[in-house]
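*Asks:* quick one, structure for this:
(chains A and B)
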Amino acid sequence: MVTASIAANIAARVEPSRVAAVVARNVGALRSGPAYWVVLVSGFFEPLLYLLSIGVGVGALVGDLTVDGQTMSYAQFVAPAMLAVSAMSGALAETTYNFFFKLKYMKTFEAVLATPVRPMEVAVGELLWSVVRGGLYTVIFLGIMVAFGLATPLGALAALPAAMLVGLSFGALGMAVSTLMRGWQDFDLLTTGQFALFLFSGTFSPVQNYPAGVEILIQLTPLYHAVELVRGLAIGVIGPGLLVNVAYLLAMVAASLWFASRRLERLLLE
Amino acid sequence: MADEPLIYARGLVKRFSRKGAEPFTAVDGIDLDVAAGEAFGFLGPNGAGKSSTMRMIGCVSRPTEGELRILGMDPIRDGARIRSRLGVCPQLDNLDPDLTVRENLTTYARYFGLSREVGRRRAAELLEFVQLADRAEGKVDPLSGGMKRRLTIARALVNEPDLVLLDEPTTGLDPQARHLVWERLYQLKQRGATLVLTTHYMDEAEQLCDRLVVMDGGRIVAEGSPRSLIGQYATAEVVELRFADEVDYSAKLEGIGRLDPLPDRLLLYADDGDGAVSEVHRRGLSPSSVLVRRSTLEDVFLHLTGRTLVD
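*Replies:* Next comes the predicted model:
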């Protein structure tokens, strides 16, 4: 309900051609030289390395695993989680480091807001761009999963939109957080938080393995919902629980976008 | 509509509230009317409230109090519509270092909803206009300060604005670069553009502005054309006297003309400068240096506020 009304509110404040212009600026920057590509490529490898070292390596020690009545190899269990992590970190890197740099140092948005473009259009445009980046990681990662026999082509196809939603929601969250950053020192906190989510969100072991209190705590955090959704669709265990995951992530998109655009207004339109 | 000024302000106030401190009043109740085709200036020292006023006119800052209409519209309700017809050259260049010189213009054109085609054509024309066509495919960073400023001006013109706002267009530029910027702005003015600029250089105001207001402490302290302000607040000529010793000669100079003692020199206002110099000598005074010059807006400012413009 609240999500829907916020979404309607956002839609009313956005002119598609201006959002497209905000995205186009980033496409232009991408064409400008190798610097951006280095960032782009390096961000992709981390989850892939984890998949190989822990999923395959540690997986050989762990053996098979049974989740929701379905038996699978440990690598098959870990792979969808790494996919979700990949989508998350792709989008997040864009809306934290790059967004913050444009906001605070390059004064990009100051120049943009002197034109008819409004804060919400900046936020939506930057978010869409982060989804493009997250989506690129997702597609490549899914290709690797299929090639390694860690997902069926059908499972990969089903997981694709889910992973895109993961990128969208974490991109939005990252942008909201960026508007609160005071300087680069705050990024250490962000990295630590991101790493904690990465370790405990049902990525490397089912959350049921933790004490009940911890399990509930994990179920309140966003990457858990992302992993559950992507894994459910990738391995074909589909239940009503997935709707809860989708609702959680959609709410995160709406609330974060609304917050980010309000903050941009406060920061730049004083 | 035709008679409506492009900028109309009555009792305009901008106050910034800060955590744990008294609110700071940057603009303290000013009235403005700027008509189409005018070149209008805000002259004043740093902190006079010029930039805050410009931001309100540019619809990126909400007035705290008072009435403001830009192009006949309300900046709060119609901000995006107004901004689509403005060209803004901010005080600090915020060009995009990730893009080429040309892309800085074409990308900006898209924010105004212009097609790629139109954006490309305007970019090419404007790069010619600001003499940067040979740098079109290069990055922004290696450009000199003057080139960056010219590119920022070109960017402000990409939407063919009805009103061009220039916040200190030549601050920080060397004399040659300043003259090149002035030339372009003068050409714009000749083409009928409406220019609003802020400056703390009196020569800039004299060269470019048809009409200007002198601001100090958030208020307008005088208004008129450069010549009329000089006529009203200064004399035709000014004699600058320096003395080798540190004796106060004010009393001995009494009656020749209005005096302004500065830390390093005495300003003596007179319509006939040479006549005043003869009178100084006739009184038996021998200053170490004497300079007779035409009076400027600097003298006007000094007279109105008791302080110099650039410190």
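*Asks:* so which bits of the stretch 151-270 of chain A are right by chain B?
*Replies:* Residues of the stretch 151-270 of chain A found near chain B (CB under 8 Å from any CB of the partner chain) are A:268-270. For glycine as for every other residue, the C-beta is placed from the backbone atoms N, C-alpha and C.
*Asks:* can you lay out those as a markdown table showing neighbour count?
*Replies:* Formatted as a markdown table, these follow (neighbours: other CB atoms under 10 Å in any protein chain shown):
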| residue | neighbour count |
| --- | --- |
| A:Leu268 | 18 |
| A:Leu269 | 16 |
| A:Glu270 | 12 |
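*Asks:* narrow the residues you listed to those in helices?
*Replies:* Judged by DSSP state H, those include A:Leu268 as members of helices.
*Asks:* just grab the bridge partners of B:Leu163 for me.
*Replies:* B:Leu86, B:Thr194 (DSSP bridges).
*Asks:* what number of residues lie near A:Lys107?
*Replies:* Neighbourhood size, A:Lys107 [other CB atoms under 10 Å in any protein chain shown]: 17.
*Asks:* give me the pLDDT value at it.
*Replies:* Per-residue confidence at A:Lys107 stands at 92 (pLDDT).
*Asks:* wait, it sits on B:Leu92?
*Replies:* Yes: using CB atoms under 8 Å, A:Lys107 is in contact with B:Leu92, at 7.4 Å.
*Asks:* so where is the stretch 1-150 of chain B shaky, pLDDT-wise?
*Replies:* B:1-3 (pLDDT under 70).
*Asks:* what does it put close to chain A?
*Replies:* Near chain A, when you scan the stretch 1-150 of chain B using CB under 8 Å from any CB, you find B:16, B:58, B:60-62, B:79-81, B:83-84, B:86, B:88, B:90, B:92, B:94-100, B:103, B:107-108, B:110-113, B:139.
*Asks:* among these, name the ones in helices.
*Replies:* B:79-81, B:83, B:103, B:107-108, B:110-111.
*Asks:* just to revisit the earlier point, closest one of the residues of the stretch 151-270 of chain A next to chain B to A:Phe170?
*Replies:* Checking these against A:Phe170 with CB to CB, the nearest one is A:Leu268 at 23.6 Å.
*Asks:* is it true that that closest one touches B:Val60?
*Replies:* Yes: when contacts are counted by CB under 8 Å, A:Leu268 is listed as touching B:Val60 (7.3 Å).
*Asks:* anything in contact with each of these two?
*Replies:* Overlap of the contact sets of A:Leu268 and B:Val60 (by CB atoms under 8 Å, 6 or more residues apart in numbering or on different chains) consists of A:Leu113.
*Asks:* re the thing from before, any of the ones in helices among the residues of the stretch 1-150 of chain B next to chain A buried? List them.
*Replies:* B:79, B:83, B:103, B:107-108, B:110-111 (16 or more other CB atoms under 10 Å in any protein chain shown).
*Asks:* out of those, what pair is the most spread apart?
*Replies:* Farthest pair in those, by CB to CB: B:Gly79 and B:Glu103, 26.2 Å.
*Asks:* could I get the full set of strands for chain B?
*Replies:* B:7-16, B:24-34, B:39-43, B:65-70, B:86-89, B:163-167, B:194-199, B:211-216, B:219-224, B:237-242, B:258-261, B:266-270, B:289-294 (DSSP state E).
*Asks:* need those strands in a markdown table (columns: mean neighbour count).
*Replies:* Below are these laid out as a markdown table (neighbours: other CB under 10 Å):
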| stretch | mean neighbour count |
| --- | --- |
| strand B:7-16 | 18 |
| strand B:24-34 | 18 |
| strand B:39-43 | 25 |
| strand B:65-70 | 18 |
| strand B:86-89 | 25 |
| strand B:163-167 | 23 |
| strand B:194-199 | 24 |
| strand B:211-216 | 23 |
| strand B:219-224 | 18 |
| strand B:237-242 | 20 |
| strand B:258-261 | 14 |
| strand B:266-270 | 21 |
| strand B:289-294 | 13 |
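*Asks:* now do the helix or strand containing A:Gly171: distance to the chain's middle.
*Replies:* Secondary structure assigned from DSSP states H and E places A:Gly171 in helix A:153-178. The chain centre lies 5 Å from the centre of helix A:153-178; the measure is CA atoms, centre = their mean, to the nearest Å.
*Asks:* contacting residues for B:Val130?
*Replies:* B:150-151, B:153-154, B:184.
*Asks:* which among these gets closest to A:Ile144?
*Replies:* B:Leu151 (44.1 Å).
*Asks:* thought A:Val85 was touching A:Phe198?
*Replies:* Yes: look at A:Val85 against A:Phe198 with CB under 8 Å: they come within range, at 5.8 Å.
*Asks:* show me which of the two is the more surrounded one.
*Replies:* Remark: of A:Val85 and A:Phe198, A:Val85 carries more neighbours, 29 against 21, as counted by other CB under 10 Å.
*Asks:* in the helix ranked longest in chain B, which residues are buried?
*Replies:* Looking across chain B with DSSP H, the single longest helix is helix B:175-190. Going by neighbour count (16+ other CB under 10 Å), the buried part of helix B:175-190 is B:177-178, B:180-182, B:184-185, B:188-189.
*Asks:* quick revisit: so can I have CSV of the strands of chain B showing distance to A:Gly43?
*Replies:* Formatted as CSV, the strands of chain B follow (distance: least, CB to CB, whole Å):
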stretch, distance to A:Gly43
strand B:7-16, 39
strand B:24-34, 43
strand B:39-43, 47
strand B:65-70, 44
strand B:86-89, 35
strand B:163-167, 38
strand B:194-199, 43
strand B:211-216, 49
strand B:219-224, 53
strand B:237-242, 64
strand B:258-261, 64
strand B:266-270, 64
strand B:289-294, 64
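*Asks:* and the contacts of B:Val130, which two are furthest apart?
*Replies:* B:Leu151 and B:Arg184 (11.3 Å).
*Asks:* distance to A:Thr191 added to the ones in helices among the residues of the stretch 1-150 of chain B next to chain A, as JSON lines?
*Replies:* Listed next are these as JSON lines, based on distance: CB to CB, whole Å:
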{"residue": "B:Gly79", "distance to A:Thr191": "37"}
{"residue": "B:Ala80", "distance to A:Thr191": "37"}
{"residue": "B:Arg81", "distance to A:Thr191": "42"}
{"residue": "B:Arg83", "distance to A:Thr191": "37"}
{"residue": "B:Glu103", "distance to A:Thr191": "32"}
{"residue": "B:Thr107", "distance to A:Thr191": "31"}
{"residue": "B:Tyr108", "distance to A:Thr191": "34"}
{"residue": "B:Arg110", "distance to A:Thr191": "34"}
{"residue": "B:Tyr111", "distance to A:Thr191": "33"}
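*Asks:* I am finished for the moment; much appreciated.
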